[in-house]
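Engineer: All I have is the shape, not the residue letters:
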């Protein structure tokens, strides 16, 4: 199953692009408030635990470039295609692009800037081996600053 | 009188998700969480006894952000009232523009402000980061590249995840 994750907002161009691929792929969508209702199975929203269950079941995850969603995917180390929401898709800004590019540079996902190239990204994702580097934890520095005794 | 030594301020969605991941790394739980309203607030209240909401500074119509002077006045009033009643000693911010006013009021009342820049700021500053930099004692970035554009108060100590 290829899981599409949109969170609570809209991402119609992505849903439409996946819908165009028809029966060739086994898509399942979490489509948020998108106006397009695809022909593949979908839900609009799901609880965090339900999303986690879907992520663990998915062969590939196609996700928007939101911080919360990418953080969740990092936790499960799933093969991911990141499609950042952009001004050209009706977003107010391109704030997802920086993180999506960085995520791909680190080898944690395949970057897809153009929804019309989603099929190429799926093929690339199936070939690729992903790496999930570990980072220092900011909490070690912050804890003394937040202590009632601090 | 200090009633809430440690207050965490954040915003709905990804900011809140990252704030909760950060709390898993901290030795102490916050005495209060200040955030904006969203679908994830109810589940947050089950785990944290004191979750307080600030109204949005801007209104959104689809993708368009609209400044509403009455809404902004309400935002200022609620932010000031919360800062006054909570009297935090340390404020850790993982929020967007909706928490800036609270942080300024808390700073005036003597709080130490630490802002953690959002993970999606890799090479450019966020508006929140620019606004909070003058009043924060430390600004923590999550990517070392971002240190190049901030001043000496910025430091990289790792990730919230």
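Structural biologist: It's in. Every value quoted in this text rests on a predicted model; they were computed, and no experiment measured them.

Engineer: contacts, neighbours, all on C-alpha from now
Structural biologist: Will do.

Engineer: so where do the helices sit in the chain?
Structural biologist: Just going to use chain A. Ranges of helices in chain A, per DSSP state H, are A:12-20, A:48-57, A:67-76, A:97-105, A:118-127, A:139-146.

Engineer: ah, no, chain B please
Structural biologist: Using DSSP H, helices in chain B cover B:14-25, B:41-47, B:69-86, B:100-108, B:127-132.

Engineer: Now residue A:74: closest residue in space, sequence neighbours ignored.
Structural biologist: residue A:132 (7.1 Å; C-alpha to C-alpha, 6 or more residues apart in numbering or on different chains).

Engineer: Tell me which residues touch the closest residue to chain A within chain B, please.
Structural biologist: Nearest residue of chain B to chain A, counting by C-alpha to the nearest C-alpha: residue B:14, 3.8 Å away. Residue B:14 makes contact with A:66, A:67, A:68, A:69 under the criterion C-alpha atoms under 8 Å, 6 or more residues apart in numbering or on different chains.

Engineer: Could you tell me which ones among those also sit near chain B?
Structural biologist: By C-alpha under 8 Å from any C-alpha of the partner chain, the members of the contacts of residue B:14 lying near chain B are A:66, A:67, A:68, A:69.

Engineer: Starting from the helix or strand of chain B at the bottom of the mean pLDDT ranking, tell me which strands it pairs with and how they run.
Structural biologist: Between all helices and strands in chain B, the lowest mean by mean pLDDT, DSSP states H and E belongs to strand B:58-61, at a mean of 75. Using DSSP bridges, strand B:58-61 pairs in its sheet with strand B:64-67 (antiparallel).

Engineer: Buried residues in the partner strand, which are they?
Structural biologist: When burial is assessed from 16 or more other C-alpha atoms under 10 Å in any protein chain shown, strand B:64-67 yields no buried residues.

Engineer: Need the contact partners of it.
Structural biologist: Contacts for strand B:64-67 (C-alpha under 8 Å, 6+ apart): A:92, B:57, B:58, B:59, B:60.

Engineer: What about the first one, how many residues nearby?
Structural biologist: Neighbour count of residue A:92, defined by other C-alpha atoms under 10 Å in any protein chain shown: 14.

Engineer: go on, the fourth one?
Structural biologist: Counted with other C-alpha under 10 Å, the neighbours of residue B:59 add up to 14.

Engineer: Just list the residues touching it, thanks.
Structural biologist: B:65, B:66, B:67, B:68.

Engineer: Identify the bridge partners of the second one.
Structural biologist: Translated: residue B:66. residue B:59.

Engineer: roughly how far apart are it and residue B:101?
Structural biologist: 18 Å (C-alpha to C-alpha, to the nearest Å).

Engineer: Many thanks, we can stop here.
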